[in-house]
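**Q** Okay, sequence plus prediction incoming.
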Amino acid sequence: MAEEKQKVQEEFTDQVLAVNRVAKKIKGGDKIGFTALVAVGNRSGRVGLGYGKASNLRSAIDKAQVKAKKNVFAIPIKESTLPRTIRIKEGAGKVLLMPAPRGAGLIAGGVIRSILELAGYQDASAKVLGTDNPVTNAKAVVKALKTLAREENGAS
């Protein structure tokens, strides 16, 4: 049983999307910390996103990986692309995700490209319309993919 569980965790590829160094003023000086945004995916229809904070970078990345693996969800893939065009607003982040013809590749930048790759999409087009904050854009992409997944499951 433990071996099976380990295989499931090993099939996921993780990618650090963003790292921030944060400082807080305290009586003795500055308290330094780190935040990390990590996406995990199996490149065939499952993806997750995690955000971790810690006093050192390695711990922040590890926390984000654990959270990302807990937040994995299934997404719909229609012939290597998105099922339909979707525009989502999450906070200040606005993203537009569009299906693309076979062979077009991933036409996207920043964290959107990484998340779509980890999810398993080979052909898609995306545009960031709002802020350039990677954390906000990643959350918007995940919200869009969850919306598509919910629609697919509801329609079936």
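**A** Perfect, I can see it now.

**Q** Can you give the distance of stretch 74-81 from its chain's centre?
**A** Between the centre of stretch 74-81 and the centre of its chain there are 15 Å (CA atoms, centre = their mean, to the nearest Å).

**Q** what do you get for stretch 36-43?
**A** Chain-centre distance of stretch 36-43: 6 Å, with CA atoms, centre = their mean.

**Q** Buried residues, it. List them.
**A** Under the neighbour-count criterion of 16 or more other CB atoms under 10 Å, stretch 36-43 has Ala36, Leu37, Val38, Ala39, Val40, Gly41, Asn42 buried. (C-beta placed from N, C-alpha, C; glycine too.)

**Q** now swap in stretch 103-114 and tell me
**A** Neighbour count says stretch 103-114 has Leu106, Ala108, Gly110, Val111, Ile112, Arg113, Ser114 buried, by 16+ other CB under 10 Å.

**Q** which of those are the two that sit furthest away from each other?
**A** Maximum pairwise distance in those, criterion CB to CB, is 12.4 Å, between Leu106 and Val111.

**Q** still on that earlier bit, between the buried residues of stretch 103-114, which has the least confident prediction?
**A** Minimum pLDDT for the buried residues of stretch 103-114 is recorded at Gly110 (89).

**Q** mind listing what it touches?
**A** Neighbour list for Gly110: Val128, Asp132, Pro134, Asn137 [criterion: CB atoms under 8 Å, 6 or more residues apart in numbering].
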